[in-house]
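**Q** Let me see the structure of the following:
(one chain, ligands or ions: 1)
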Amino acid sequence: MTKDGKVKAALIGFGGMGHCHAGQYAAQKNIQLAALCDISPEALARPIGASEADAALYQAVAKTHCFEELLETQKDLDYLDICLPTNLHAEYAIRAMKAGLHVLCEKPMALNTADCDRMIAVSKETGRFLMVAQCIRFCAPYLHIRDLIANHAYGKLLSMSMQRNNQLPPGWFRDVARSGGAMMDLHLHDIDFVQFALGMPEAIYSIGVTAGSGGIDDCTTIYYYPNDLKVVTSGGWTHTRFSSALSAVFERSNFELTGDQLVRCYKDEPQETIAFPEGTPNMYFREIEYFGECILQGKRPEVASMESTRNSILLIEKELESIRQGRQVRL
Ligand SMILES: NC(=O)c1ccc[n+]([C@@H]2O[C@H](COP(=O)([O-])OP(=O)(O)OC[C@H]3O[C@@H](n4cnc5c(N)ncnc54)[C@H](O)[C@@H]3O)[C@@H](O)[C@H]2O)c1
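**A** Below is the predicted model of the structure:
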């Protein structure tokens, strides 16, 4: 904790996502980013963002290339924000928790459920919190859809489909042993939202293709729920640009989310754009703010509990099993 009662954080992995996270800290009221760690001098030399507040924060934070040095020199840290390549998530989360730090870890939690289970066990042993930054759980339009599913405001959900596409990313992402391929890196966002909104399905059927990482880089999956509800997700790294979409069909309205624009349509009624209050924080700001609140209140994070984010990794394993076996897999 800082002297003025703020939660004190350090961030490791100051690449693309590390810069995105770091850019959320200047405006956090209850959290102070105290240190940055990256093995790459070039990454560490790149300032946080463009604003004066970001520049001041970048000047103020300690910077190191060495994780051990970070732990030795930053004795009063509360948590480590992990934005490392995916194959390092489990190792660094476990090291940090054993060193007494709570952990906010970028998605995917880990490359397999065995590693997720080790992370959960260490979190329980040490009493340190572990939250995976499944950002869509903090994204206003997706939360709106989740609420409609729960409160039946427009009747029962009849079907839902989600898409998420991108081009093949460079570097370590192309190595399935480090990134898990498109299923872990991209498709996971949709899988995680499906089970966040609807719970675990009874069965899944998935088809996929390999196109660059050595893993499955594009897939389409059907999730089977009780009462004949079916949800479809599709997408991967076989496209030319990023796009995301969700379509939810309720008894008395359809909701279409394209990027961050959510509209409601129903029969011949005029289309309604769903507006969110001005100042609604972006999902990355909100997930970090929420983790800080959990630490201050001494409450384990429930919005992205470690058990539920682990279940999203289990669903990927089941999808891969379904693709390999060419058949439906029951859970
Ligand atoms: N939530 C999202 O929407 C989202 C978006 C992109 C990436 N991610 C996730 O964020 C994670 C990081 O992805 P990225 O795009 O930032 O990758 P990146 O390659 O841009 O950044 C990774 C950084 O980690 C550093 N690094 C590697 N090994 C290290 C070590 N042992 N110690 C210290 N630093 C080390 C690298 O030098 C690099 O700067 C991945 O797990 C990815 O899946 C999430």
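
**Q** Please make it C-alpha for all contacts and neighbour counts, starting now.
**A** Will do.

**Q** Averaged pLDDT, stretch 244-251. What do you get?
**A** What stretch 244-251 shows for mean pLDDT is 98.

**Q** ah, wrong one, I meant stretch 269-288
**A** 94.

**Q** how far away is the residue positioned nearest the centre of the chain from D268?
**A** Most central in the chain under C-alpha atoms, centre = their mean is Q134, positioned 2.1 Å from the mean C-alpha point. Going from Q134 to D268 by C-alpha to C-alpha, to the nearest Å gives 36 Å.

**Q** Give me every residue in the stretch 51-200 of the chain lying close to the ligand.
**A** Residues of the stretch 51-200 of the chain lying close to the ligand by C-alpha under 6 Å from any ligand atom are 83-86, 106-108, 135, 185.

**Q** ok, which stretches of the stretch 151-300 of the chain are strands?
**A** 157-165, 203-209, 218-224, 230-236, 243-250, 253-258, 261-265, 272-273 (DSSP state E, counting those that start in this stretch).

**Q** Which of these sits closest to I191?
**A** Of all the strands of the stretch 151-300 of the chain, it is strand 230-236 that lies closest to I191, at 7.4 Å by C-alpha to C-alpha.

**Q** CA atoms of the closest one as PDB?
**A** Provided in PDB are the C-alpha atoms of strand 230-236 (Å, rounded to 0.1, in the frame of the first residue of the first chain):
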ATOM      1  CA  LYS A 230     -27.800 -23.100 -29.200                       C
ATOM      2  CA  VAL A 231     -25.100 -20.500 -29.400                       C
ATOM      3  CA  VAL A 232     -22.600 -20.200 -32.200                       C
ATOM      4  CA  THR A 233     -19.100 -18.600 -32.200                       C
ATOM      5  CA  SER A 234     -16.700 -18.300 -35.100                       C
ATOM      6  CA  GLY A 235     -13.600 -16.600 -36.200                       C
ATOM      7  CA  GLY A 236      -9.800 -16.600 -36.000                       C
END
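
**Q** do it and the ligand meet?
**A** No: judged by C-alpha under 6 Å from any ligand atom, strand 230-236 makes no contact with the ligand; its nearest approach is 13.4 Å.

**Q** Quick check: buried residues in stretch 161-174?
**A** 161-166, 168, 173-174 (16 or more other C-alpha atoms under 10 Å).

**Q** Stretch 43-57 now?
**A** 43-44, 47-49, 54, 57.

**Q** ok, and what's touching stretch 89-104?
**A** The contact list for stretch 89-104 (C-alpha atoms under 8 Å, 6 or more residues apart in numbering) reads 71, 77-82, 105-106, 109-110, 115-116, 118-119, 122-123, 126, 128-133, 288, 291.

**Q** What about the residues you listed, which are in helices?
**A** 71, 115-116, 118-119, 122-123, 126, 288, 291 (DSSP state H).
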